[in-house]
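Novice: return a 3D structure for these sequence lines:
(one chain, ligands or ions: 2)
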Amino acid sequence: MSGAPVIEPLEGRSYLSADLVPAISGSLPPALVTGGKFKSNVVVTITNQGDAAYAGPATLDLLASTDQTPDAGDTPVSSISGNLKLKPGASKSFKVKSGTVPALADGDYFLLAQVTDSAGAVRSAGSTTSSHVAPAFVDLTGALPGPIPASLARGASATVAVTITNGGNVTAKGNANIGFRVSPSGTPSQSDQRLGSKSIGLSLAPGASKTFKLKFVVPSGLLTGTYFLVAEIDNLNAIAESDEGNNDAVSATTMTIT
Ligand SMILES: [Ca+2]
Ligand SMILES: [Ca+2]
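Specialist: Ligands and ions are numbered 1, 2, ... in the order given. From the prediction side, this is the model:
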């Protein structure tokens with residue numbers, strides 16, 4: 001039998017202490033407007049991962065950061081302070097329902113949650129996804145999802161589907177004119193022959209797409225031939241956009257005008 005006594009090494013012992021650790025679930029919207037309001041489903045959960053109960057003041061700071069580590073370059077988004085009571089292993093959740101986007105430079109930002117306890121211990125967690133922060137902008141683009149008529153006589157009309165997407169970070173609102181043209185090469189040019197246009201009332205949320213069925217008439221004077229169909233979104237430029245040069249949608253197939 002072994003006679004060696006079991007001795008717990010003294011250096012292995014530690015004082016009992018609380019340890020407030022934040023975690024973030026949910027995310028901010030992928031596109032945020034500088035200085036604008038945001039809504040979110042973010043929940044910050046603070047868990048006492050220590051082995052002693054915590055009771056005392058604590059501060060939860062939310063920061064916007066270009067990386068997932070807090071540092072002096074981060075920008076405060078909001079802060080809550082109050083008394084917190086948490087037994088070892090217990091958690092408390094805080095919903096971040098809305099807020100204001102700080103005046104940040106254009107870029108991608110993570111949300112950081114930083115907890116400071118009464119002893120000055122700081123623990124943090126970062127969101128897994130980032131949000132792109134930029135001043136308010138609208139950018140319309142278009143697509144012709146097809147099909148388009150394979151053949152059309154001059155003087156005839158046709159109805160085609162035109163999909164409009166707002167790639168901006170605020171709602172695109174206004175009356176947009178959709179101008180149809182025919183392109184022999186498939187590379188749109190302002191010298192393409194015109195088929196007429198259609199005005200539509202537009203209200204498109206950031207990132208949203210909508211498909212419109214639009215009718216055009218082939219002018220009797222159009223030169224016969226085989227063409228790609230071009231739909232230029234907002235061809236009278238009633239809606240200001242960050243990029244006015246990406247508004248031509250080109251059909252995947254050609255149509256023969258007879
Ligand atoms: Ca555009
Ligand atoms: Ca425009």
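
Novice: show me what whichever strand or helix holds Lys215 is in contact with.
Specialist: Take DSSP states H and E as the rule and Lys215 turns out to sit in strand 209-217. Strand 209-217 has contacts (CB atoms under 8 Å, 6 or more residues apart in numbering) with 145, 155-166, 178, 180, 195-198, 200, 202, 204, 231. The C-beta positions use only the backbone N, C-alpha and C, and glycine is treated the same way.

Novice: near ligand 2, which of the residues you listed show up?
Specialist: For ligand 2, no contacts are drawn from the contacts of strand 209-217 by CB under 5 Å from the ion.

Novice: among those residues, name the buried ones.
Specialist: Neighbour-count burial within the contacts of strand 209-217 applies to 158, 160, 162-166, 178, 180, 195, 197-198, 200, 202, 204, 231; the criterion is 16 or more other CB atoms under 10 Å.

Novice: so which of the residues you listed is the closest to Tyr109?
Specialist: Among the buried ones among the contacts of strand 209-217, Asn166 lies closest to Tyr109 (CB to CB), at 21.8 Å.

Novice: contacting residues around the closest one?
Specialist: So Asn166 contacts 138-140, 172, 204-209 (CB under 8 Å, 6+ apart).

Novice: now Gly142
Specialist: Applying CB under 8 Å, 6+ apart as the definition, the contact partners of Gly142 turn out to be 162-165, 178, 231-233, 247-249.

Novice: tell me the secondary structure for it?
Specialist: Three-state call for Gly142 (DSSP: H, G, I helix; E, B strand; the rest coil): strand.

Novice: picking up where we left off before, tell me which of the buried ones among the contacts of strand 209-217 fall in helices.
Specialist: Among those, none falls in helices (DSSP state H).

Novice: for these, work out which two are farthest apart.
Specialist: Ala158 and Asn166 (25.9 Å).

Novice: around ligand 1, pick out the residues from the stretch 1-150 of the chain.
Specialist: Residues of the stretch 1-150 of the chain lying near ligand 1 by CB under 5 Å from the ion: 139-140.

Novice: how does it look with 6 Å?
Specialist: By the rule CB under 6 Å from the ion, the part of the stretch 1-150 of the chain lying against ligand 1 is 139-141.

Novice: Asn194 and Ser183 touch, don't they?
Specialist: You called it Asn, but residue 194 is Arg. No - with contact defined as CB atoms under 8 Å, Arg194 and Ser183 do not form a contacting pair (11.1 Å).

Novice: looking at the two, which is more packed in?
Specialist: The residue with more neighbours, out of Arg194 and Ser183, is Ser183; 19 against 16, by other CB atoms under 10 Å.

Novice: show me what the more buried one bridges to in the sheet.
Specialist: Phe228 (DSSP bridges).

Novice: ok, it - contacts?
Specialist: 189, 192, 227-230, 250.

Novice: what's the farthest-apart pair in the residues you listed?
Specialist: Among these, the pair separated by the greatest distance (CB to CB) is Ser189 and Leu229, at 13.9 Å.

Novice: now do the domain split for the chain, please.
Specialist: 15-134, 140-257 (automatic domain parsing).

Novice: could these be laid out in JSON lines, adding mean pLDDT?
Specialist: Below are the domains of the chain laid out as JSON lines (pLDDT from 0 to 100):
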{"stretch": "domain 15-134", "mean pLDDT": "95"}
{"stretch": "domain 140-257", "mean pLDDT": "96"}
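
Novice: from ligand 2, how far off is Gly179?
Specialist: 12 Å (CB to the ion, to the nearest Å).

Novice: before we move on, which element is the nearest residue to Ser151 once chain neighbours are set aside in?
Specialist: Closest residue to Ser151 apart from its sequence neighbours, by CB to CB, 6 or more residues apart in numbering: Thr256 at 4.7 Å. Per DSSP H and E, Thr256 falls inside strand 248-257.

Novice: is that strand in proximity to ligand 1?
Specialist: No - Strand 248-257 stays clear of ligand 1 (CB under 6 Å from the ion), getting no nearer than 9.6 Å.

Novice: now check that strand, is it near ligand 2?
Specialist: No - applying CB under 6 Å from the ion, one finds strand 248-257 separated from ligand 2 by no less than 12.0 Å.
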